[in-house]
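Q: what's the 3D shape of this:
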Amino acid sequence: MFLGFLGTHTPKLDDKGRLVLPAKFREGFAGGLVLTKGQDRSIVVWPAAEFASYAERLNEASRSDPRAQAYQRVLFSGASDEIPDRQGRITVPPTLREYAGLDRDVVVVGKNSTAEIWDAATWATYLAAQEEAFSDLSGEVLPGI
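A: Numbering: from 1, shown residues only. As a prediction, this is how the structure comes out:
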């Protein structure tokens, strides 16, 4: 039973820009995946069906709202669809590697319905800053929970 994308994993990016997906994530990406720019200089890894659903909702956004148009242009222009190979490897395109500052050491983090790929040093800095306020966030982010 797939419970969502959970945990923190540290695969290496090879010379061809490939990484091996964590074994725990492979079932969730078996139908293919889409890589997009994240808003924190990370790469979001979407199951293909989840991305298709999200893209459909974006199509409902106002076509005259310049913010919605700008968001869609950046999201879709940098997106790449992938199918993991038999070893669970995916190729991260050069433009996305550059956007996220990826070199060899990367971190793949679960984010429930998606996963993210981060440069290891950038993730460590981000996590250290966020853990300070983590205990206070649940009441503000999820009212009533």
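Q: for P143, give me the pLDDT.
A: Note on P143: pLDDT of 59.
Q: who does the most centrally placed residue in the chain form a beta bridge with?
A: Nearest to the mean C-alpha position of the chain, counting by C-alpha atoms, centre = their mean, stands V44 at 1.6 Å. Beta-bridge pairing of V44 under DSSP bridges involves T36, E116.
Q: give me the pLDDT for the closest residue in space to T91 that isn't next to it in sequence.
A: In this structure, T91 finds its nearest non-sequential neighbour in R18, 5.0 Å apart by C-beta to C-beta, 6 or more residues apart in numbering. Placement of C-beta: from N, CA and C, glycine included. R18 carries a pLDDT value of 97.
Q: so how far is the lowest-mean-pLDDT helix or strand in the chain from its chain's centroid?
A: Least confident helix or strand, the chain: helix 120-141 with a mean of 82, by mean pLDDT, DSSP states H and E. Here the centre of helix 120-141 is set off from its chain's centre by 17 Å, with C-alpha atoms, centre = their mean, to the nearest Å.
Q: other SSEs contacting that helix?
A: When contacts are defined as 3 or more C-beta pairs under 8 Å, 6 or more residues apart in numbering; DSSP states H and E, helix 120-141 packs onto strand 106-111.
Q: how about residues contacting the strand it packs on?
A: Applying C-beta atoms under 8 Å, 6 or more residues apart in numbering, the external contacts of strand 106-111 come out as 4-13, 19, 21-22, 25, 44-45, 115-120, 123.
Q: that strand versus helix 120-141: what angle between them?
A: 20 degrees (axes from the mean of the first three to the mean of the last three C-alpha atoms, to 10 degrees).
Q: give the pairing partners of strand 106-111; include direction for each.
A: Its sheet considered, strand 106-111 pairs with strand 8-9 (antiparallel), strand 114-119 (antiparallel) by DSSP bridges.
Q: buried sites along the longest one?
A: By neighbour count on 16 or more other C-beta atoms under 10 Å, the buried set for strand 114-119 is T114, A115, E116, I117, W118, D119.
Q: which residues touch the fifth one?
A: Okay, so that is W118. Applying C-beta under 8 Å, 6+ apart, the residues contacting W118 are S42, I43, A100, V106, V107, V108, V109, Y126.
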